[in-house]
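*Asks:* what's the 3D shape of this:
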Amino acid sequence: MEKKLILRGIVVGAVAGLLAFLFARIFAEPDISKAIDYENGRDDAQAALDKAAGLPMEHAGHELFSRTVQADVGIGVGMIFFGMAMGALFAVAYAVCLGRVGNLRARNLALLVAGGGFLGIYLVPFLKYPANPPAIGHEDTIKDRTGLYLVMVVCSLAFLVGAALLGRRLQARFGNWNATLLAGAAFVVAIGVVMALLPQLGHLAYNKENFGNHATETPLPLTDDKGRIVYPGFPADVLFSFRFYSVAAQLLLWTVIGLAFGPLAERVLASRTAPAAQTGRTDPVSA
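*Replies:* Numbering: from 1, shown residues only. Predicted coordinates:
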């Protein structure tokens with residue numbers, strides 16, 4: 001049964017990844033294009049400042065794939081494979097929770113697990129380290145940023161599982177509603193401590209040494225040697241719009257997984273219980 005559930009999770013995840021890509025392609029891609037245009041314009045302004053100061057010029061490398069290929073094929077394939085991975089992980093979590101979280105229907109359990117996946121894998125880590133479009137982030141901090149984000153994901157999932165277990169332990173003493181509130185509060189406190197301990201991206205050693213002590217890596221206005229602004233900072237509306245649609249795309253992905261997986265899981269569970277229900281019946285022909 002577990003293999004059937006995981007296979008269906010992978011299929012559902014692929015469909016969800018495709019739909020999330022189409023959503024992002026329509027709504028988030030314009031913000032990505034604006035971010036790339038900003039980055040190119042800022043690079044040109046920086047090159048002009050370097051030339052005026054007599055500094056050596058850096059030549060940008062030739063892109064292996066065009067922007068169109070990256071936006072359509074690269075991101076599309078990446079989102080589908082990401083959806084398949086999340087679908088498989090979702091199905092495993094679903095199989096583990098089956099029969100251990102109360103008398104929930106297959107569809108209700110699917111929505112509950114999908115909500116936990118969206119919350120633990122994406123939304124909570126996003127609150128500390130939100131998604132950024134091109135032009136935000138420095139190449140020298142990629143390794144540190146990736147490590148910090150993974151720490152947030154692991155802590156978020158671990159605390160989410162811990163909160164679920166805590167809620168079950170407290171249920172007999174405080175009732176379902178109060179136990180849920182207490183477990184939720186414990187999760188918020190624990191993840192809040194982790195967020196407070198982890199550094200802001202702008203406080204990484206490389207960023208502090210080269211760009212000053214700022215909260216984020218979002219580019220500030222570019223100035224000349226007299227302090228005059230020659231190129232503006234990254235547009236706040238583009239940053240907000242990109243992050244909004246990033247959350248919406250992930251919400252769409254997990255919603256599709258939860259809604260589509262429920263009926264499929266119901267059929268798998270029904271096919272498993274049907275033979276067991278028939279074993280106690282008397283065959284009228286052989287009687």
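*Asks:* domains of this protein?
*Replies:* Partitioning the chain according to automatic domain parsing yields domains covering residues 1-55+68-135+236-272, 137-217.
*Asks:* what about the helix or strand where Gly115 lies, distance to the chain center?
*Replies:* Assigned by DSSP states H and E, Gly115 belongs to helix 106-117. Offset of helix 106-117 from its chain centre (Cα atoms, centre = their mean, to the nearest Å): 17 Å.
*Asks:* export that helix as PDB, just CAs?
*Replies:* The C-alpha trace of helix 106-117 is given here as PDB (Å, rounded to 0.1, in the frame of the first residue of the first chain):
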ATOM      1  CA  ALA A 106      -8.400  10.200   3.900                       C
ATOM      2  CA  ARG A 107      -9.200  13.600   2.200                       C
ATOM      3  CA  ASN A 108      -9.100  15.500   5.500                       C
ATOM      4  CA  LEU A 109      -5.800  13.900   6.400                       C
ATOM      5  CA  ALA A 110      -4.400  14.800   3.000                       C
ATOM      6  CA  LEU A 111      -5.200  18.400   3.500                       C
ATOM      7  CA  LEU A 112      -3.800  18.400   7.000                       C
ATOM      8  CA  VAL A 113      -0.500  16.900   5.900                       C
ATOM      9  CA  ALA A 114      -0.300  19.300   2.900                       C
ATOM     10  CA  GLY A 115      -0.900  22.200   5.200                       C
ATOM     11  CA  GLY A 116       1.900  21.000   7.500                       C
ATOM     12  CA  GLY A 117       4.200  20.600   4.500                       C
END
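*Asks:* Dump the domains of the chain into JSON lines; add mean neighbour count as well.
*Replies:* No exception for glycine: its C-beta is placed from N, CA and C like everyone else's. Output for these, formatted as JSON lines (neighbours: other Cβ atoms under 10 Å):
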{"stretch": "domain 1-55+68-135+236-272", "mean neighbour count": "18"}
{"stretch": "domain 137-217", "mean neighbour count": "15"}
